[in-house]
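Novice: with the sequence up front, the predicted model follows.
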Amino acid sequence: MKLVQINICDNGSTGKIMKDIFSCMDEGVQKRAYVSRKYGNDSYVLKIHSKFGYRLHKFLSMYLGLDEWGSYFETKRIIRELKDFKPDIIHIHNIHNHTINYVLLFKYIKKYNVRTIWTLHDCWSFTGGCFHFELNNCMKWKTQCNHCRHLGSAGMNVPIDCTKKLYKIKEKTFTGIKHLKLVTPSKWLAGLVKQSFLKDYEINVINNGINPFNFHYTENISFKNLTKENKKIILGVAMPFTDKKGFSDFIALSKIIGEDYHIVLVGVSEEQRVALPDNITGIFRTDNQQQLSELYSLAYVFVNFTYEDTFSMVNLEALACSTPVICYNTGGATEMLEKENGIIVEQGDYSKIPSLLDFAGGLRENKNFFGEYILKKYSSEMMTKNYISVYNRIMNEKTGE
């Protein structure tokens, strides 16, 4: 089999998923990946464009509303390479944020009836531009985006509202593909897709998985003097740590927790760090999975104040390290939580957290359940097996040109 994956980058949550799929495939599989931003050294990962090409696409998209013209010549080159490579399957992940010219890419897919899997990690594919709309409570995507009051959410600084045009371009581009199967990481997102113009495609729910060798409970903690007097740690992780990920709510929470607790936030900026109160320790962004495992293992409880989420990888990472989770009832963020490992609270209701901390911390008694639960339902191996099942089904379809 010849497998090509396309994603915004080769790191972060979607980059890890892309690499995990490749790593679990048979040795005979010929693999290739195209990314907008490359951070690793894998030879099979190829950059879509130069820094200039990326910046040009970003300018066209953000300031002129011409996303459909970005990376034009770079995508033409990639299509020539795909024609030579002749992939059996193209697996698409995130192609927004100035990654590739999706109009040209899907024209090629349609013309040559290429078997295609598309994992929707957010809502961008069926909106006029925004990745999430839950916080804005906007449902125009069900019929047609227009007169957008949230252009910032659509990633545009152009004063002209282009959401209607972009919605129509996407609807025309992403529909009518013969051999396309969609994947969503959560039931919540699958339910939304079934209400969109993508509803006629087969939709498979495959939960994102994590590698238990990278995320697991450890007593070998390299962090020293993280808190004073061995206080119980309330951990939050988000990269970047915006208000949509609950930064302001953690500040508010710090004012009402008892003296036995200390908050640690991973993913803060320098500006945020210097403004933190005494009972919050800020740590800059880290992709070091060993350090994250240590922090999760050290925490008394993991708190996720996300306001927009398709499926929460940080919740999975915490659970894999035997740390119970308290999470806002947001999107698909809570689908991995059970009564034995977590607590769900309504968005914005951070005032309830102090009364829940002791009970949440007590869930650590179910430590053995945590690890078995992750291996059974949310390991990268299980995720890949589910993807291979979809690959096999689509490979049995006759394409014909």
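Specialist: Thanks, I have it.
Novice: just the element for the residue in the chain sticking out farthest from the centre, please.
Specialist: Relative to the centre of the chain, the most outlying C-alpha is that of E229, 36.0 Å out, by CA atoms, centre = their mean. For E229, there is no host helix or strand (DSSP states H and E).
Novice: state the distance from it to Y261.
Specialist: 11 Å (CB to CB, to the nearest Å). C-beta coordinates here come from the backbone N, C-alpha and C atoms, glycine included.
Novice: next: N341.
Specialist: When distance is defined by CB to CB, N341 is 20 Å away from Y261.
Novice: what does G246 give?
Specialist: G246 is 16 Å from Y261, by CB to CB.
Novice: compare those two and say which is more crowded by neighbours.
Specialist: Just comparing G246 and Y261: by other CB atoms under 10 Å the higher neighbour count belongs to G246, 26 against 20.
Novice: run through the residues that contact that one.
Specialist: 236, 238, 303-307, 328, 350 (CB atoms under 8 Å, 6 or more residues apart in numbering).
Novice: at 7 Å what do you get?
Specialist: By CB atoms under 7 Å, 6 or more residues apart in numbering, the residues touching G246 are 236, 305-307.
Novice: could I get those in CSV, plus columns for pLDDT, secondary structure and distance to V314?
Specialist: Output for those, formatted as CSV (pLDDT from 0 to 100; DSSP: H, G, I helix; E, B strand; the rest coil; distance: CB to CB, whole Å):
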residue, pLDDT, secondary structure, distance to V314
G236, 97, strand, 9
F305, 98, coil, 11
T306, 97, coil, 8
Y307, 95, coil, 14
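Novice: which of these sits closest to D84?
Specialist: Proximity of the contacts of G246 to D84 (CB to CB) peaks at T306, which lies at 42.4 Å.
Novice: K107 belongs to a helix?
Specialist: Yes. K107 forms part of a helix when assessed by DSSP: H, G, I helix; E, B strand; the rest coil.
Novice: remind me which helix or strand the residue nearest to it when sequence neighbours are not counted belongs to.
Specialist: Closest residue to K107 apart from its sequence neighbours, by CB to CB, 6 or more residues apart in numbering: T173 at 7.8 Å. Per DSSP H and E, T173 falls inside helix 163-174.
Novice: any idea of the angle whichever helix or strand comes after that helix forms with helix 163-174?
Specialist: Going down the chain from helix 163-174, the next helix or strand is strand 180-184, by DSSP H and E. Orientation of strand 180-184 against helix 163-174 (axes from the mean of the first three to the mean of the last three CA atoms, to 10 degrees) gives an angle of 120 degrees.
Novice: so for E229, what's the pLDDT?
Specialist: Note on E229: pLDDT of 74.
Novice: same thing with G400?
Specialist: 61.
Novice: ok, and what's touching stretch 371-389?
Specialist: Applying CB under 7 Å, 6+ apart, the set of residues contacting stretch 371-389 from outside is 20-21, 24, 206-212, 316, 319-320, 322, 336, 341.
Novice: meant to ask about stretch 22-40
Specialist: In contact with stretch 22-40 (CB under 7 Å, 6+ apart) are residues 1-11, 18, 44-49, 54, 78, 85, 98-99, 381, 384.
Novice: now stretch 73-86
Specialist: 2, 4, 32, 34, 48-49, 53, 100-101, 104-105, 108.
Novice: buried subset of those as a PyMOL selection?
Specialist: Applying 16 or more other CB atoms under 10 Å to the contacts of stretch 73-86, the buried members can be selected in PyMOL as follows:
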select buried, resi 4+32+34+48+49+53+100+101+104+105+108
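Novice: name the nearest of the contacts of stretch 73-86 relative to K181.
Specialist: V4 (15.2 Å).
Novice: helix, strand or coil for that closest one?
Specialist: What three-state DSSP gives for V4 is strand.
Novice: over to the one 4 residues further on?
Specialist: Per three-state DSSP, the local secondary structure of I8 is strand.
Novice: out of the contacts of stretch 371-389, flag the one nearest to S186.
Specialist: Closest to S186, out of all of the contacts of stretch 371-389 and judged by CB to CB, is N207, at 7.2 Å.
Novice: wait, that closest one sits on P185?
Specialist: Yes. The criterion here is CB atoms under 7 Å, and N207 meets it with P185 at 5.7 Å.
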